[in-house]
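> What follows is a predicted structure for the sequence shown.
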Amino acid sequence: MTIDHNQLRLLPSVDELLQLPATQTLVAQFSRKLVLQTIRASLADARAAIRAGATCPALEALLTDIEERLTQQQQPSLRPLINATGVIINTNLGRAPLSQTALQAVQQVASGYANLEYELEQGERGSRHTHVRHLLQELTGAEAALVTNNNAAAVLLSLSTLAQGREVIISRGQLVEIGGGFRVPDVMRQGGCQLIEVGTTNRTRIRDYEAALSARTALLLTVHPSNFLITGFTESTPISELAQLAHKHGLLVMDDLGSGCLLNSEHYGLGHEPTPQESLLAGADVVCFSGDKLLGGPQAGLIVGKAEVIARIAKHPLMRAMRIDKMTLAALEATLRHYQRDEATTHIPVWRMISARPERLASRAHAWVTRLQENGVVAHTQRGESTVGGGSLPGETLPTTLLALDASRLSLPLTELSKRLRSRSIPIITRISRDSLLLDPRTVFEEQDEEVLRALREVCL
Ligand SMILES: *Cc1c(COP(=O)(O)O)cnc(C)c1O
């Protein structure tokens with residue numbers, strides 16, 4: 001192909017572009033350095049296109065391209081999005097949204113200094129764990145409490161402290177992979193303990209644990225299967241029986257609950273999610289759970305249990321490597337205070353979504369349809385199910401009303417539509433089921449409704 005040098009010569013120079021008032025506005029917004037880089041990149045691409053046979057782009061088109069590139073590049077990599085999937089706790093989407101109060105607490109503590117490890121009364125060094133210790137004791141009935149940066153750390157730290165170089169007995173039915181590579185057997189190995197598997201996948205009885213006891217046993221471990229369900233011919237050993245057996249032999253029982261649910265999930269139309277309160281009452285010596293699953297707070301690991309056991313864990317050298325930071329601590333304290341004031345279901349977003357009234361969800365979905373129809377977008381509502389997610393309540397669903405856009409009524413394939421919704425400056429994540437694109441109002445905040453409607457109008461028309 002012959003290169004059209006006339007077309008190449010028509011391209012403006014970097015300096016010519018930089019002098020334009022439109023470009024100067026961009027300089028004020030993004031800095032001279034970034035605008036220069038972007039002009040060069042844009043011109044290079046235009047030159048390559050001309051060499052490949054294109055004509056010189058109009059000045060307007062070049063300027064638009066430069067502005068789009070700058071806006072695109074300067075978008076934060078980590079940014080908010082709208083979760084229309086109906087999965088309330090989704091690890092990929094950042095798990096639990098924080099309450100307003102928790103957010104304010106983070107802002108106040110992070111924008112200045114704080115008494116993170118400072119005793120105000122004595123004017124001496126203090127411990128960061130004191131800020132939530134009493135709340136956790138009060139809410140779970142534990143003698144003592146400790147916090148880490150996530151639950152995987154809480155489990156690893158507890159096992160390393162309590163069972164390093166010794167044996168840990170666990171049911172085969174609980175050797176689970178939680179997702180994101182957290183496999184119970186691997187974590188146990190990292191904790192330096194030897195795994196003793198007992199029972200079968202579907203049934204483990206107290207005799208199985210008893211037969212596995214040895215002089216090297218340190219503890220009996222139970223793990224909440226979190227993301228899967230074994231149904232049918234099943235039997236697992238209650239913690240109370242494990243505790244009896246362990247304590248008779250001077251051993252400990254540890255419970256990795258995963259999603260620490262402090263409320264009674266059955267009051268919300270869900271199955272029973274085990275709580276730390278129950279584990280402790282049943283005799284568990286140490287219980288670990290997440291801060292950002294059903295607790296509805298920030299990413300954190302919570303360890304509650306017997307005073308003597310928690311004190312040992314607190315002294316382990318790994319504690320320092322896994323410690324919680326001040327922003328997380330501020331959000332966690334504020335979240336726990338919602339439970340203390342009995343306002344979890346009205347203030348914590350995860351619980352507001354779980355307890356959203358079906359009539360309210362239906363009326364929002366209907367309002368979405370009406371608004372879209374007014375703008376010429378054909379949509380309808382249909383009954384559907386939301387899920388709690390986050391490795392809690394596997395198999396449990398909550399009835400909802402979905403907004404559905406049918407493939408047969410759209411000019412774009414569903415995968416293209418969902419891609420366009422994801423690539424907006426405020427991305428919207430949806431579900432595709434058979435021949436429809438589905439949006440669940442349960443996980444969309446009401447203040448996001450307008451943006452959802454705007455996006456659907458823009459991508460569908
Ligand atoms: C989710 C989960 C973990 C890991 O917790 P993170 O907070 O993600 O670190 C560990 N154990 C169980 C049983 C879980 O469900």
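In hand now; what should we look at?
> can we go C-alpha only for contacts and neighbour counts from here?
Fine.
> what does the average pLDDT come to for stretch 416-434?
Stretch 416-434 shows a mean pLDDT of 96.
> what distance separates that stretch from the centre of its chain?
In terms of Cα atoms, centre = their mean, to the nearest Å, the centre of stretch 416-434 is set 19 Å apart from its chain centre.
> Please spell out which residues along it are buried.
For stretch 416-434, a neighbour-count test (16 or more other Cα atoms under 10 Å) marks 417, 418, 419, 420, 421, 422, 427, 428, 429, 430, 431, 432 as buried.
> try stretch 328-347
For stretch 328-347, a neighbour-count test (16+ other Cα under 10 Å) marks 328-339, 344-345, 347 as buried.
> Mind checking which of the residues you listed land in helices?
Among the buried residues of stretch 328-347, the members falling in helices are 328-339, 344-345, 347 (criterion: DSSP state H).
> Run through the neighbouring helices and strands of whichever strand or helix holds residue 73.
Residue 73 is part of helix 59-74 when elements are defined by DSSP states H and E. Helix 59-74 sits against helix 21-30, helix 32-51, with contacts defined as 3 or more Cα pairs under 8 Å, 6 or more residues apart in numbering; DSSP states H and E.
> Mean neighbour count, the ones you listed: which tops it?
Highest mean neighbour count among the helices and strands packed on helix 59-74 (mean count of other Cα atoms under 10 Å): helix 32-51, with a mean of 17.
> contacts for it?
Outside helix 32-51, the residues that touch it by Cα atoms under 8 Å, 6 or more residues apart in numbering are 3-4, 7-8, 11, 14, 17-18, 23, 26-27, 55-57, 62, 65-66, 69-70.
> The residue nearest to residue 189 when sequence neighbours are not counted and residue 184, how far apart?
Among residues not flanking residue 189 along the chain, residue 195 sits closest, at 7.5 Å (Cα to Cα, 6 or more residues apart in numbering). Residue 195 is 10 Å from residue 184, where distance means Cα to Cα, to the nearest Å.
> quick one: which of the buried residues of stretch 416-434 is nearest to residue 384?
Residue 384 lies nearest to residue 431 out of those, by Cα to Cα, at 11.6 Å.
> Bridging across strands, which residues link to the closest one?
Here residue 431 shows beta-bridge partners residue 438, assigned using DSSP bridges.
> measure it to the ligand for me?
In this view, residue 431 and the ligand are 23 Å apart by Cα to the nearest ligand atom, to the nearest Å.
> ok, now residue 254?
Applying Cα to the nearest ligand atom to residue 254 and the ligand gives a distance of 12 Å.
> try residue 238
16 Å.
> before we move on, what about residue 408?
Using Cα to the nearest ligand atom, residue 408 is found at 39 Å from the ligand.
> So which of the buried residues of stretch 416-434 sit within strands?
428, 429, 431, 432 (DSSP state E).
> So, low pLDDT: which residues of the stretch 201-350 of the chain?
226-234 (pLDDT under 70).
> Phi, psi for whatever residue of it ends up closest to the ligand please.
Nearest residue of the stretch 201-350 of the chain to the ligand: residue 258, at 3.3 Å (Cα to the nearest ligand atom). Main-chain torsions, residue 258, degrees, to the nearest 10: phi 70, psi -100.
> Who is it paired with across the strands?
Beta bridges link residue 258 to residue 289, judged by DSSP bridges.
> picking that back up, buried subset of the contacts of helix 32-51?
Neighbour-count burial (16+ other Cα under 10 Å) applied to those gives 7-8, 11, 17-18, 23, 26-27, 55-57, 62, 65-66, 69-70.
> do stretch 393-401 and the ligand meet?
No. Applying Cα under 6 Å from any ligand atom, one finds stretch 393-401 separated from the ligand by no less than 10.1 Å.
> got the buried residues for that stretch?
Residues 393, 394, 397, 398, 400, 401 are the ones in stretch 393-401 that count as buried (16+ other Cα under 10 Å).
> I'd guessed the fourth one sits against residue 387; true?
Yes. Shown here, residue 398 and residue 387 form a contact pair, counting by Cα atoms under 8 Å, at 6.2 Å.
> Show me the domain layout of this structure.
Using automatic domain parsing, the domain parsing of the chain gives 10-73, 82-90+351-460, 98-347.
> ok, residue 72 - how many residues close by?
The number of residues packed near residue 72 is 11, by other Cα atoms under 10 Å.
> Checking my notes, residue 383 in a strand, right?
Yes. With DSSP: H, G, I helix; E, B strand; the rest coil as the criterion, residue 383 is assigned to a strand.
> check contacts around the closest residue to it other than its chain neighbours.
Distances taken as Cα to Cα, 6+ apart put residue 401 closest to residue 383, at 4.6 Å, once the chain neighbours are dropped. Contacts of residue 401 were listed using Cα under 8 Å, 6+ apart, and they are 358, 361, 362, 365, 381, 382, 383, 384, 385, 440, 441.
> repeat for residue 277
139, 140, 141, 142, 262.
> just residue 323 next, same as before
By Cα under 8 Å, 6+ apart, the residues touching residue 323 are 147, 148, 149.
> what's across from it in the sheet?
Going by DSSP bridges, residue 323 forms beta bridges with residue 148.
> how about the residues of the chain near the ligand?
Neighbours of the ligand within the chain, by Cα under 6 Å from any ligand atom: 150-152, 178, 223-226, 256-259, 290, 301, 391.
> from the contacts of residue 277, which two are the most distant?
The distance between the two most remote of those (Cα to Cα) is 12.7 Å, for 142 and 262.
> Looking at those two, which is more packed in?
Between residue 142 and residue 262, counted using other Cα under 10 Å, residue 142 has the larger neighbour count: 24 against 19.
> Describe which strands the host helix or strand of residue 405 pairs with in its sheet and in which direction.
Residue 405 belongs to strand 397-406 when elements are defined using DSSP H and E. Strand 397-406 sits in its sheet next to strand 380-389 (antiparallel), strand 436-439 (antiparallel), going by DSSP bridges.
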